[in-house]
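A.B. asks: Below are the sequence and a predicted model; questions follow.
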Amino acid sequence: FQVKSENKKTIWNAEEVPEGSEFDDTWDPREQPEYEILFKQRVGTEDVFFGMTGKDPSTACCEDMVIKIKLPETKYSDITLDIQDKVLDLRTPKKKLLLHLPYPVKSKEGRARFLSEEEILEVTLRISREFDFINFA
């Protein structure tokens, strides 16, 4: 069994390289900031009181992922944020975070806000799963 390659000089195929590895820079001396990943559910009274929709507290029933990143001594204008479907890339003059996300997300539907008093960047991303249109209809 031999894999056909478009270019005979390539060592591996594009499918073998994980998404987001182009951002990985092991020689970058910047420190990685502290971060926390939280999950959010949208629940109504039918969930809380009656349990009618079958949602449970697991991450499988969560619609959103919230990433809180501590950025001390950072201004809003110094933050560069790039979000792909499976990777979050954050860079400041002093900190760098390359985070491979636990679930694929809808990168175009995310939002971020910088809480300057707490020095925290809060990124909210919509989780993208194959059968969410069935599970959360």
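C.D. replies: Yep, it's here.
A.B. asks: Looking at this structure, which strand is longest?
C.D. replies: strand 105-115 (DSSP state E).
A.B. asks: In terms of secondary structure, what does that one contact?
C.D. replies: strand 80-83, strand 120-127 (3 or more C-beta pairs under 8 Å, 6 or more residues apart in numbering; DSSP states H and E). No exception for glycine: its C-beta is placed from N, CA and C like everyone else's.
A.B. asks: between these, which one is nearest to residue 64?
C.D. replies: Nearest of the helices and strands packed on strand 105-115 to residue 64, taken as C-beta to C-beta: strand 120-127 at 5.7 Å.
A.B. asks: Centre of the chain to the closest one, how far?
C.D. replies: 8 Å (C-alpha atoms, centre = their mean, to the nearest Å).
A.B. asks: buried ones in it?
C.D. replies: Using 16 or more other C-beta atoms under 10 Å as the burial criterion, the residues of strand 120-127 that qualify are 120-125, 127.
A.B. asks: swap in stretch 57-69?
C.D. replies: 61-65, 67-69.
A.B. asks: Among those, which one sits closest to residue 94?
C.D. replies: Among the buried residues of stretch 57-69, and counting by C-beta to C-beta, the member closest to residue 94 is residue 69, at 12.7 Å.
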